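Asks: My questions are about this predicted structure, shown below with the sequence.
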Amino acid sequence: MAFMLIPSPTLSSSSVAWPVALFKKFNLSKDTKTLFDKMPERTVVSWTTMTWAYCNAKMNDKSALIDVYAKWGELKNALCVFNEMVTGDLVVWNSIIGVFAQNSDGDEALNLFKRMTSFVADQATLTSILKVCAGLALLELGTQVHVHVLKYDQDLILNNALLDMYCKCGSLEDASFVFDRMVERDVISWSTMIAGLAQNEYSRKALKLFELMKASRLVPNYITILGVLFACFHARLVEGGLYYFQSMKKLYGIELEDEHYGCIIDLLGRAGKLDQAVKLIIDMEYEPDAVTWRALFGACRNKPHFLRNISLDSLFDLSFSSSTSLAFGFVEGTQSGLTFLGVANVFLPFS
């Protein structure tokens, strides 16, 4: 059974509330959510309707409400629902801990983990806690969690989380130990290790590992190439960085994104090739954003004379088709430590 609404320029809470209830009645959860997402203002009635729609659809799933609130970013409501539940279900504990771990609220995730005294942590629990340890650089706690991971030695997802934790905590010796002992490795395993080595300035090892990855016939992804570019940046390998940057789409089908541009512009800036960095920005398929400008002006922070070395023709080729792009450039320039007047001299011709 299908329903259609006549499109209108604006959807009010009152005009949408009754179709939401109607879709719920006929178990059209997908249509309900689509309509709910378009509501400019969500009332108590609409929230209640959506909540019960999901509960009815997932009647036997105690974590249904938590999942719903988490998907809509309502973490406080998710926690309130959890605190009101009387449950002996480990799945629900994993759900609420995972919600806060995935949304970068590591402190609350750890508080919940400490409260989980009646259950033994399983793979899902440990994966969430390792994510928290990685985000907060809690190496000591991560090492304690590692002991429990040994029970699930061949779990790929768990081993990847452990590897990520050690890399982000800067413990490359432990990360290498975990990586070398992994029976199964996927592109996430390789990418995590390459990025970890690169970010901790083990550039040559990162690039060597990338060659081993290619030899294993695994196709690199967005994160892999970013790690390789970081390695080239720290090792000041301009030609190598440009090669990987220019070939990533052709060889691996990976689209260039802000982080890739930022990294290669950093590399060119450190090498004093500001004209080449500006040309790269000119050739971008979309407008430069804060990441791009931060990279360009970051290169000028300790060498302000770089601005004078950029050819005027190159600067005038930059297209500021929106005030947002122009604002990003100006703000990032001043925040990079350059004088207000110095940045203004570059950007005022485009205002």
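Replies: Ah, there it is.
Asks: got the contact list for stretch 79-90?
Replies: For stretch 79-90, contacts defined as CB atoms under 8 Å, 6 or more residues apart in numbering pick out 62-63, 65-66, 69, 92-93, 96, 108, 118-119, 122, 125. Quick note: C-beta positions are derived from backbone N, CA and C, even for glycine.
Asks: Show me how this protein divides into domains.
Replies: Per the record's domain assignment (automatic domain parsing), the chain is made up of the domains 69-169, 185-255, 257-351.
Asks: Mean pLDDT added to these, as TSV?
Replies: Listed next are the domains of the chain as TSV, based on pLDDT from 0 to 100:
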stretch	mean pLDDT
domain 69-169	90
domain 185-255	94
domain 257-351	63
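Asks: Dump the ones you listed into CSV; add distance to F177 as well.
Replies: Conversion of the domains of the chain to CSV gives the following (distance: least, CB to CB, whole Å):
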stretch, distance to F177
domain 69-169, 8
domain 185-255, 11
domain 257-351, 28
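Asks: Indicate which one of these is closest to V178.
Replies: Nearest to V178 among the domains of the chain is domain 69-169 (5.0 Å), distances taken as CB to CB.
Asks: what about that closest one, how long is it end to end?
Replies: Terminal residues of domain 69-169 lie 31 Å apart, using CA to CA, to the nearest Å.
Asks: what about the closest residue to A101 other than its chain neighbours, distance to A70?
Replies: Distances taken as CB to CB, 6 or more residues apart in numbering put S128 closest to A101, at 4.0 Å, once the chain neighbours are dropped. Spatial separation of S128 from A70 under the definition CB to CB, to the nearest Å is 12 Å.
Asks: Comparing those two, which residue is more hemmed in?
Replies: S128 (27 against 20; other CB atoms under 10 Å).
Asks: who are the neighbours in contact with that one?
Replies: For S128, the residues meeting the contact criterion (CB under 8 Å, 6+ apart) are N94, I97, G98, A101, Q102, A109, F113.
Asks: related to what we said a few turns ago, what touches both of S128 and A70?
Replies: With contacts taken as CB under 8 Å, 6+ apart, S128 and A70 have Q102 as neighbours in common.
Asks: Indicate which one of the domains of the chain is closest to S176.
Replies: S176 lies closest to domain 185-255 among the domains of the chain, at 7.7 Å (CB to CB).
Asks: Could you tell me the end-to-end distance of that closest one?
Replies: End residues of domain 185-255 are separated by 24 Å (CA to CA).
Asks: go on, stretch 109-120?
Replies: End-to-end distance for stretch 109-120, by CA to CA: 16 Å.
Asks: Stretch 76-91 now?
Replies: This stretch, stretch 76-91, spans 19 Å end to end (CA to CA).
Asks: Surely Y222 touches E257?
Replies: Yes: in terms of CB atoms under 8 Å, Y222 counts as a neighbour of E257; the distance is 6.9 Å.
Asks: Give me the more crowded residue out of the two.
Replies: A side-by-side neighbour count of Y222 and E257, using other CB under 10 Å, places Y222 first with 16 against 13.
Asks: which SS state does the closest residue to Y261 other than its chain neighbours fall under?
Replies: Spatial nearest neighbour of Y261, chain neighbours left out: T292 (5.4 Å); criterion: CB to CB, 6+ apart. Using DSSP: H, G, I helix; E, B strand; the rest coil as the criterion, the local structure at T292 reads helix.
Asks: Next one: T292 relative to V120, how far apart?
Replies: The spacing between T292 and V120, counted by CB to CB, is 48 Å.
Asks: Mind checking which of the two has more residues around it?
Replies: Ranked by neighbour count (other CB under 10 Å), T292 and V120 place T292 first, with 24 against 9.
Asks: and that one, what does it touch?
Replies: By CB under 8 Å, 6+ apart, the contact set of T292 is D258, Y261, G262, I265, I281, M284.
Asks: Just the buried ones among those, please.
Replies: Judged by neighbour count, with 16 or more other CB atoms under 10 Å as the criterion, the buried members of those are Y261, G262, I265, I281.
Asks: Go through those and say which is closest to Q144.
Replies: Nearest to Q144, judged by CB to CB, of the buried ones among the contacts of T292 is G262 at 35.4 Å.
Asks: Backbone dihedrals for that closest one, please?
Replies: With angles defined as degrees, to the nearest 10, G262 sits at phi -60, psi -40.
Asks: Could you do D155 as well?
Replies: Backbone torsions for D155, taken as degrees, to the nearest 10, come to phi -80, psi 110.
Asks: same check, this time on the one 5 residues further on
Replies: In this entry, N160 is assigned phi and psi values of phi -70, psi -40 (degrees, to the nearest 10).
Asks: And for the one 3 residues further on?
Replies: In terms of degrees, to the nearest 10, the main-chain angles of L163 are phi -60, psi -40.
Asks: residues making contact with the helix or strand A206 falls within?
Replies: For A206, the host element (DSSP states H and E) is helix 203-215. With CB under 8 Å, 6+ apart as the test, helix 203-215 has contacts from 190, 193-195, 197-198, 220, 224, 227-228, 230-232, 234-235, 237, 240.
Asks: Now with 6 Å, please.
Replies: By CB atoms under 6 Å, 6 or more residues apart in numbering, the list of residues contacting helix 203-215 from outside reads W190, I194, L197, A198, V228, A231, H234, A235.
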